[in-house]
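Novice: Next come a sequence and a model predicted from it.
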Amino acid sequence: QVQVVESGGGLVQAGGSLRLSCTASGLTFAAYDMGWFRQAPGKEREGVSCITRSGGKTCYADSVKGRFIISRDNGKNTLYLQMNSLKPEDTAMYYCAAAGYGLYESKYSYWGQGTQVTVSS
């Protein structure tokens, strides 16, 4: 049984930083591309960042490019999202997704329950 669990969300002031973590079990973590998505209240879920299985290639939504950094540690079965210079518009539930492709939500097979990020102005 595959389990995907996010952590690291919280309340932060604008301009601050947070690091999200995601652990995945029940699958060969190093064999799959991973992604981060987010959903703000009243909005559709959107892709934030993705990373290939080796970590050699990454992608970012334009809205977070230059501020967020995705990385992974295959030895620890863990995905990270370092979020810097946070803005109130980054407030959302953040989801980790496994076994997918790019920022295409429908391509991902496994999802976590999400971790809330709230950025105050």
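Specialist: Okay, I see it.

Novice: rest of the way, CA atoms for contacts and neighbours
Specialist: OK.

Novice: List the buried residues for the helix or strand where Arg19 lies?
Specialist: Per DSSP states H and E, Arg19 falls inside strand 18-25. The neighbour-count check on strand 18-25 (16 or more other C-alpha atoms under 10 Å) flags 18-24 as buried.

Novice: how about the residues you listed in CSV, adding pLDDT and distance to Leu11?
Specialist: As requested, the buried residues of strand 18-25 are exported to CSV (pLDDT from 0 to 100; distance: C-alpha to C-alpha, whole Å):
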residue, pLDDT, distance to Leu11
Leu18, 98, 9
Arg19, 98, 12
Leu20, 98, 12
Ser21, 98, 16
Cys22, 98, 18
Thr23, 98, 21
Ala24, 96, 24
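
Novice: Among these, which pair sits farthest apart?
Specialist: Taking C-alpha to C-alpha as the measure, the buried residues of strand 18-25 span a maximum distance of 19.9 Å, between Leu18 and Ala24.

Novice: Check the secondary structure at Leu30 for me.
Specialist: Rather than Leu, residue 30 is Ala. Secondary structure state of Ala30, per DSSP: H, G, I helix; E, B strand; the rest coil, is helix.

Novice: still on that earlier bit, run me through the strand neighbours of the strand holding Arg19, direction for each.
Specialist: Paired neighbours of strand 18-25 in the sheet (DSSP bridges): strand 3-7 (antiparallel), strand 78-83 (antiparallel).

Novice: Now find how far off-centre the first one is within its chain.
Specialist: The one in question is strand 3-7. Averaging C-alpha positions (C-alpha atoms, centre = their mean, to the nearest Å) puts strand 3-7 10 Å from its chain's average.

Novice: and what of stretch 27-45?
Specialist: The answer for stretch 27-45 is 6 Å, by C-alpha atoms, centre = their mean.

Novice: Setting the sequence-adjacent residues aside, check what's closest to the residue nearest the centre of the chain.
Specialist: By C-alpha atoms, centre = their mean, the chain has its centre lying nearest to Trp36, at 2.6 Å. Leaving out its chain neighbours, the residue that sits closest to Trp36 by C-alpha to C-alpha, 6 or more residues apart in numbering is Cys96, at 4.7 Å.
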